[in-house]
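In: Below is the sequence, then the predicted model.
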Amino acid sequence: MTGRTLAELGLDRAPRDHPLTYPGTWPADSGLLDGDRLLPLERLVPGDGRVPVLAVGSNASPAQLQHKMAESGVTGPIPMVRTRVTGVDVGVSAHVSRLGYVSAAPLRSPAAVRELFVVWLDGPQLEVIDASEGVPLPGGNFGRAWLPAPQVRVALADGTELPGVHAYVNRHGVLHDGTGTPRRHPGQRTLLAGLLADSAELRELFGDTPEEFCARARSDAGLCRRATGLFAERRWAVPSGLEEYLR
């Protein structure tokens with residue numbers, strides 16, 4: 001089948017290689033990620049025991065998913081299903097990633113309605129994504145939580161509603177906008193420009209531009225830890241509201 005490679009679809013730039021593109025380019029609709037191709041999806045709910053995981057950031061980028069799986073030597077297709085999600089919005093993680101960006105994190109927002117992807121993962125694939133989010137580590141940035149219906153409603157295009165969905169909740173909380181209200185993630189370049197404009201301390205650590213921020217973060221894990229600590233020390237982080245669902 002021609003015209004279905006990630007490059008042909010304009011989906012081949014992974015945020016881990018191009019951090020200012022975070023969260024990456026998402027597909028226009030549901031599809032089956034199979035290697036470097038995104039194929040038509042026959043079933044919105046797989047019948048093979050896969051686990052539904054809500055993607056609020058780069059896990060909805062086919063290139064990022066492909067990179068994670070290839071790096072770990074895990075193969076097999078991944079159904080990516082576009083859904084309408086009620087009760088969750090997309091906030092800003094209160095940590096700086098060693099990949100050079102400040103990632104997205106889910107937050108509780110009962111009135112929010114968002115178009116987000118659910119990726120259906122088998123056992124080995126789930127282990128890869130868990131590891132990439134730091135789930136197995138005592139000091140990892142994210143924990144995986146089960147968000148049950150009706151607190152979080154996930155509706156598919158055919159009207160099916162899932163009984164719940166897994167999501168990666170940031171253990172550091174989410175950044176607020178200065179009033180105590182969680183920020184919404186506006187895309188990496190806009191986010192970093194705003195954070196740097198607001199904080200001389202961040203400019204001292206990461207420079208004056210989003211480009212400098214990414215370059216310094218990617219080259220210095222200690223700098224990322226200092227920034228994460230700064231978010232906590234200055235009380236720039238608030239709970240996401242989803243902590244009660246963490247195991």
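Out: Perfect, I can see it now.

In: Quick check: mean pLDDT of the top strand by length along the chain?
Out: Longest strand of the chain, by residue count under DSSP state E: strand 104-121. The average pLDDT for strand 104-121 rounds to 98.

In: Kindly report the same for stretch 44-55.
Out: On average, stretch 44-55 scores 94.

In: just how off-centre is that stretch within its chain?
Out: Chain-centre distance of stretch 44-55: 17 Å, with Cα atoms, centre = their mean, to the nearest Å.

In: so residue 134 sits in a strand?
Out: No. Assessed with DSSP: H, G, I helix; E, B strand; the rest coil, residue 134 is coil; it does not lie in a strand.

In: Report pLDDT for it.
Out: So residue 134 comes in at 95 (pLDDT).

In: Helices along this structure, start to end?
Out: Assignment of helices within the chain using DSSP state H yields the ranges 6-9, 62-72, 123-132, 188-198, 200-206, 210-219, 221-233.

In: so the last one versus helix 210-219, what angle?
Out: Helix 221-233 runs at 110 degrees relative to helix 210-219, counting by axes from the mean of the first three to the mean of the last three Cα atoms, to 10 degrees.

In: Contacts made by helix 221-233 with the rest, please.
Out: Helix 221-233 is contacted from outside by 94-98, 172, 175, 201-202, 205-206, 216-217, 236-237, using Cβ atoms under 8 Å, 6 or more residues apart in numbering. (C-beta placed from N, C-alpha, C; glycine too.)

In: repeat that for 10 Å
Out: Here helix 221-233 makes contact (Cβ atoms under 10 Å, 6 or more residues apart in numbering) with 92-100, 102, 139, 141, 172-175, 195, 199, 201-202, 205-206, 213, 216-218, 220, 236-237.

In: quick one: average confidence on that helix?
Out: 95.

In: coming back round to it: and the longest strand of the chain, which residues are buried?
Out: 104-109, 114, 116-121 (16 or more other Cβ atoms under 10 Å).

In: which residues does the most centrally placed residue in the chain contact?
Out: Most central in the chain under Cα atoms, centre = their mean is residue 57, positioned 2.6 Å from the mean C-alpha point. For residue 57, the contact set (Cβ under 10 Å, 6+ apart) comprises 15, 22-24, 64, 90, 93, 101, 103-106, 116, 133, 168, 185.

In: which pair in those residues spans the largest distance?
Out: 101 and 116 (18.6 Å; Cβ to Cβ).

In: circling back to that earlier point, partners of the longest strand of the chain in the sheet?
Out: Counting by DSSP bridges, the strands paired with strand 104-121 are strand 51-55 (antiparallel), strand 78-92 (antiparallel).
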